[in-house]
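**Student:** I would like the atomic coordinates for the input below:
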Amino acid sequence: MIRSWRCRLRMTQEELARALGVTLSTLNRWENGHVLPSRLAWRELEQFSTKHSCRL
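**Tutor:** Okay, the predicted model is just below:
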């Protein structure tokens, strides 16, 4: 889900990780389903998606 959203934004993992203030490895683990984002991280993702008019 996060990977397809990131691709719709036309961002690399590195770009999105930097924009969200997380490490590349954290974003990679989210995308691969190894770890779920925390509640705080979900809020950041939702705010970022709203700001960029690209729903999660």
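
**Student:** Check which helices and strands the longest helix along the chain is in contact with.
**Tutor:** Counting by DSSP state H, the longest helix found in the chain is helix 39-51. Packing contacts for helix 39-51, counted by 3 or more C-beta pairs under 8 Å, 6 or more residues apart in numbering; DSSP states H and E, involve helix 13-20. Yep, even glycine has a C-beta here, placed from its N, CA and C like the rest.

**Student:** helices or strands up against the helix it packs on?
**Tutor:** Where contact means 3+ C-beta pairs under 8 Å, 6+ apart, helix 13-20 is packed against helix 24-31, helix 39-51.

**Student:** Would you mind getting the angle between the longest helix of the chain and helix 13-20?
**Tutor:** With axes from the mean of the first three to the mean of the last three C-alpha atoms, to 10 degrees defining the directions, helix 39-51 sits at 100 degrees from helix 13-20.

**Student:** and helix 39-51, which residues are buried?
**Tutor:** For helix 39-51, the neighbour count (16 or more other C-beta atoms under 10 Å) marks 41, 44, 45, 48 as buried.

**Student:** next one: stretch 21-41
**Tutor:** Per 16+ other C-beta under 10 Å, stretch 21-41 contains these buried residues: 22, 26, 27, 28, 30, 31, 37, 41.

**Student:** how near is the fifth one to residue 16?
**Tutor:** The reference is to residue 30. Distance, residue 30 to residue 16, by C-beta to C-beta, to the nearest Å: 10 Å.

**Student:** what does the third one give?
**Tutor:** For residue 27, the distance to residue 16 (C-beta to C-beta) stands at 6 Å.

**Student:** Could you do the second one as well?
**Tutor:** Distance from residue 26 to residue 16, counting by C-beta to C-beta: 11 Å.

**Student:** now swap in the first one and tell me
**Tutor:** Residue 22 sits 9 Å away from residue 16, taking C-beta to C-beta as the criterion.

**Student:** Also residue 36?
**Tutor:** Distance, residue 36 to residue 16, by C-beta to C-beta: 17 Å.

**Student:** ok, now residue 49?
**Tutor:** 11 Å.
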